[in-house]
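Engineer: Coordinates for the following, if possible.
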Amino acid sequence: MFMRIFRSRRLAFFTFAWVSVASWSTHAFAAEDLDALMRHFDNVAFGSEYEGVAPATQTQKWVSPIRISVSGMTGEMLQKPDGKRELKLSRARPTEPQIALIRKHLTTLVKLTGVESEKADRDKGKPANLYIKFVPRLVMGQPFIADDVEPDLLKKLGQPGVCYFLTRAIRTGALFRGLIVVNRELPPEQMDACILEEMTQAMGLPNDSDIVAPSIFNQTSTLRALTETDIYLLRTLYDKRLPPGTPRVDALRIGREIMSELLAGR
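Structural biologist: Model prediction:
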C-alpha cells in the first residue's frame with residue numbers, strides 16, 4: 001500500500017547521514033489527555049490530507065535505514081523575441097543553511113524513532129530513498145518533479161507554494177521511498193518549520209490534525225521544534241509493539257497502551 005508511487009529525477013545533490021546526540025525530557029500529562037492524544041494520533045496516522053490520496057488502513061513506518069539525497073534548482077523567467085516568456089531552470093547545489101536544517105531535524109527524528117540513517121552510495125547498493133528538493137515555487141507542481149505521480153495531484157500539492165511530501169510503502173506497511181519538495185524562496189523561519197513538518201510526516205504520520213495544540217500537525221501552529229505531543233506520537237508509532245502493517249483497529253488499541261505508559265512517564 002502506498003500514498004503515491006513516484007520516481008525522483010536526479011538534480012545537483014548532496015547525500016549524508018547523521019546520528020543523534022540529543023536527549024529529551026518529558027513531563028506527565030493528565031490522564032484525561034489520553035483520549036485527546038489518541039484521537040490526534042488516529043487522525044495523524046490514518047487520515048489523508050489530500051483528496052485523491054487514500055488514507056492508510058495500517059501503520060506505515062521506516063524499518064530500513066534512511067538515506068537522504070538533497071538537490072536543488074533555480075529558475076529564471078526569460079523574455080523571448082516573440083514576446084512570450086520562458087522559464088529557464090538550472091541545477092543548484094543545496095546551500096549550507098538548507099543542509100543544516102535537514103541535519104537538525106534528521107538528528108531529532110533518528111533519536112526519537114530509533115530508525116538508522118546512513119550515507120547513500122549507489123555503487124555499494126545503497127541508493128538514496130528520501131529525496132529532498134529545493135525548487136522555485138513556479139515548478140513545485142510540474143510533472144517532472146515526480147513523473148510517476150498523477151499530474152493533477154502534483155499540481156494540487158504545489159499550488160500553496162510552501163512544501164509537500166509523498167511516501168511509498170510496500171504491502172507490509174514498511175516505508176521505502178519518500179520525496180519532499182520545498183519552495184526554495186521561503187524565508188528561513190518558514191523553511192525551517194516547513195522542513196520539520198514534512199520530514200516528520202514522511203516518517204509515517206501523514207495527516208494534519210487540529211485536535212491538540214500546539215503540535216506541528218495542527219495547522220494553527222507554526223513551529224520550528226517538535227512539541228511533547230509530537231514526541232509522544234512518534235514514540236508511539238515507532239514502539240516495537242506497533243510493527244508496520246498493524247491494522248488501524250489493533251494499532252489504536254496497542255497505541256493506547258503505549259501512549260498511557262508514555263504519559264505516566266514510564
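
Engineer: As a check, name the ranges of all strands in this structure.
Structural biologist: Counting by DSSP state E, residue ranges of the strands within the chain are 12-16, 61-62, 68-79, 85-91, 130-135, 163-169, 174-183.

Engineer: Deepest in the core, which of those strands is it.
Structural biologist: strand 130-135 (a mean of 26; mean count of other C-beta atoms under 10 Å). For the C-beta atoms, the positions are set from N, CA and C on the backbone; glycine is no exception.

Engineer: neighbouring strands for it, and are they parallel or not?
Structural biologist: Applying DSSP bridges, strand 130-135 is found paired with strand 68-79 (parallel), strand 174-183 (parallel).

Engineer: If you average pLDDT over each of those strands, which is lowest?
Structural biologist: Mean pLDDT is lowest for strand 68-79 out of these, coming in at a mean of 89.

Engineer: gap between it and the chain center?
Structural biologist: Offset of strand 68-79 from its chain centre (C-alpha atoms, centre = their mean, to the nearest Å): 21 Å.

Engineer: So what angle separates the directions of it and strand 85-91?
Structural biologist: On the basis of axes from the mean of the first three to the mean of the last three C-alpha atoms, to 10 degrees, strand 68-79 is oriented at 150 degrees to strand 85-91.

Engineer: where do the helices sit along the stretch 51-200 of the chain?
Structural biologist: 96-113, 151-158, 188-201 (DSSP state H, counting those that start in this stretch).

Engineer: Which one, of the strands paired with strand 130-135, ends up nearest to Glu116?
Structural biologist: strand 68-79 (12.2 Å; C-beta to C-beta).
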